[in-house]
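K.L.:
coords please:
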Amino acid sequence: MSIDVRADLAVRGVRVATPVRRPAGAGPSDDGHLVIDGGNAALPINPHSPYEVRDNRLWLGDADTGLSLEVVRRPRFYDLATADGVPYEQIARLHGRDVLATTVVQTCVRYTEDQRCRFCTIEESLRAGATVAAKTPAQLAEVAEAAVRLDGVRQMVMTTGTTAGPDRGARNLVRAVRAVLAAVPGLPIQVQIEPPADLAVVDELRAAGAAAIGIHVEALDDEIRRRWMPGKGAVPMADYEAAWDRAVAVFGRNQVSTYLLIGLGEDPDELVAGAARLIERGVYPFVVPFRPMAGTLARRDGVPAPAPALVRDVTQRVADLLRAAGMLGADQRAGCAACGACGVLQAAGG
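P.N.:
Below you'll find the predicted structure:
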């Protein structure tokens, strides 16, 4: 796969109708879910993109890029609802062709004008009625069982909005993981949390059966963290480092990941150097282009997506570091890096 085309697509998107989309939430973008040359891809659906799909091939104007492209079909579990009438789609969503994802608590204590992350829309999908505020362990177990049975889901991702308690919402995930694994034994699950005040909860998540963990910092430069994430950026970097180290000790090398967003203004050389330090810790730096989602403060303020050339440069350099360290996203048991759809790292060999 051409990394140039893949990086361009990640920013400029494609003209195609997709039945599986995620219009808002805690993730990085309002994207359509596709399969490009056999790999998951979440791309902006852009009516003005120069890329289009013809006969399951990706075209740039009159040129065939050489890439196959399939639209992920609407999963069958979306047609079901719980006994009390909650549609399964409001409890968990399909990502790519085989990943089930859910935000267990759809509210965040940081979601105020002066505290919220400028790239996040975690509460917008709740306001739109597309989800429910809190998913119970029983609901998640019911949906996961159906998604595996009906649609061949192979892994699951659980994230959460930050809560006010010292565990920052992590113990909700402990209960959810236990319930899902009781219903679907052996399903690989990644949990995603902020650094908890009590690191023992990291051990609890592993003991519950989580296979991998994401502790997402998004940026490594403190000035950028304060500007882009006023609330979350107040959490000291030392807390992240302690949480990463505990997670690597508990989950293992390359089963811990963190998002790094390309395009927040961080110097690319410093971003790559920071990624190298994470790799040395055993943490997979999942570099992903920032995309100005509808409903975000960044979109409101006119902040553009990064240039495709920047996405390509940073991604390729981080992929080279990962390959040299023997840390591939495909080797993670579950999670965003294992799926790879929201970034370009797997296409670049990482």
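
K.L.:
so, low pLDDT: which residues of the stretch 251-350 of the chain?
P.N.:
Residue ranges of the stretch 251-350 of the chain with pLDDT under 70: none are present.

K.L.:
can you give me the helices for it?
P.N.:
268-281, 297-300, 308-325, 336-339 (DSSP state H, counting those that start in this stretch).

K.L.:
same thing with the chain?
P.N.:
3-12, 124-127, 137-151, 170-183, 200-208, 222-228, 237-251, 268-281, 297-300, 308-325, 336-339 (DSSP state H).

K.L.:
which one of these lies nearest to P75?
P.N.:
Of all these, helix 137-151 sits nearest to P75, with 4.2 Å by CB to CB. In short, each C-beta sits where N, CA and C put it, glycine included.

K.L.:
switch the helices of the chain over to TSV; also include distance to I36 and mean neighbour count.
P.N.:
As requested, the helices of the chain are arranged in TSV below (distance: least, CB to CB, whole Å; neighbours: other CB atoms under 10 Å):
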stretch	distance to I36	mean neighbour count
helix 3-12	7	22
helix 124-127	25	18
helix 137-151	20	21
helix 170-183	29	21
helix 200-208	32	19
helix 222-228	29	16
helix 237-251	29	18
helix 268-281	24	17
helix 297-300	25	16
helix 308-325	15	20
helix 336-339	13	29
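
K.L.:
and H95, which of these is closest to it?
P.N.:
Nearest of the helices of the chain to H95, taken as CB to CB: helix 336-339 at 6.3 Å.

K.L.:
elements contacting that closest one?
P.N.:
Other helices and strands packing on helix 336-339, by 3 or more CB pairs under 8 Å, 6 or more residues apart in numbering; DSSP states H and E, are strand 155-159, strand 189-193, strand 256-262, strand 283-289.

K.L.:
returning to that earlier point: JSON lines for the helices of the stretch 251-350 of the chain, including distance to Y111?
P.N.:
Output for those, formatted as JSON lines (distance: least, CB to CB, whole Å):
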{"stretch": "helix 268-281", "distance to Y111": "26"}
{"stretch": "helix 297-300", "distance to Y111": "11"}
{"stretch": "helix 308-325", "distance to Y111": "27"}
{"stretch": "helix 336-339", "distance to Y111": "21"}
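
K.L.:
those helices: which one's closest to R154?
P.N.:
Closest to R154 of those, according to CB to CB: helix 336-339, at 9.4 Å.

K.L.:
contacts for that closest one next, please.
P.N.:
Residues lying outside helix 336-339 but in contact with it, judged by CB atoms under 8 Å, 6 or more residues apart in numbering, are 40, 95-96, 99, 155, 157, 188, 190, 192, 212, 214, 257, 259, 284, 286, 329-330, 332, 342, 345.

K.L.:
next: stretch 274-288.
P.N.:
For stretch 274-288, using CB under 8 Å, 6+ apart, the contacting residues are 28, 214, 220, 241, 244-245, 247-248, 252-254, 256-262, 271, 314-315, 318, 321-322, 325, 327, 329, 332, 336-337, 342-343, 345.

K.L.:
switch to 6 Å and redo it
P.N.:
28, 220, 244, 248, 253-254, 256-260, 262, 314-315, 318, 321, 325, 327, 336-337, 342-343 (CB atoms under 6 Å, 6 or more residues apart in numbering).

K.L.:
pull up the distance across stretch 192-201, start to finish.
P.N.:
12 Å (CA to CA, to the nearest Å).

K.L.:
which strand in the protein has the most residues?
P.N.:
strand 63-71 (DSSP state E).

K.L.:
what mean pLDDT would you report for that strand?
P.N.:
When pLDDT is averaged along strand 63-71, the result is 92.

K.L.:
report the backbone C-alpha coordinates of that strand in PDB.
P.N.:
Output of strand 63-71 as PDB, limited to C-alpha atoms (Å, rounded to 0.1, in the frame of the first residue of the first chain):
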ATOM      1  CA  ALA A  63      -5.900   7.100 -12.000                       C
ATOM      2  CA  ASP A  64      -6.400   3.700 -10.300                       C
ATOM      3  CA  THR A  65      -4.400   3.900  -7.100                       C
ATOM      4  CA  GLY A  66      -4.000   0.100  -7.000                       C
ATOM      5  CA  LEU A  67      -5.800  -0.200  -3.700                       C
ATOM      6  CA  SER A  68      -8.900  -2.200  -3.200                       C
ATOM      7  CA  LEU A  69     -11.600  -0.700  -1.100                       C
ATOM      8  CA  GLU A  70     -14.700  -2.300   0.400                       C
ATOM      9  CA  VAL A  71     -17.400  -0.600   2.500                       C
END
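
K.L.:
quick one: strands adjacent to that strand?
P.N.:
strand 31-36 (antiparallel), strand 57-60 (antiparallel) (DSSP bridges).
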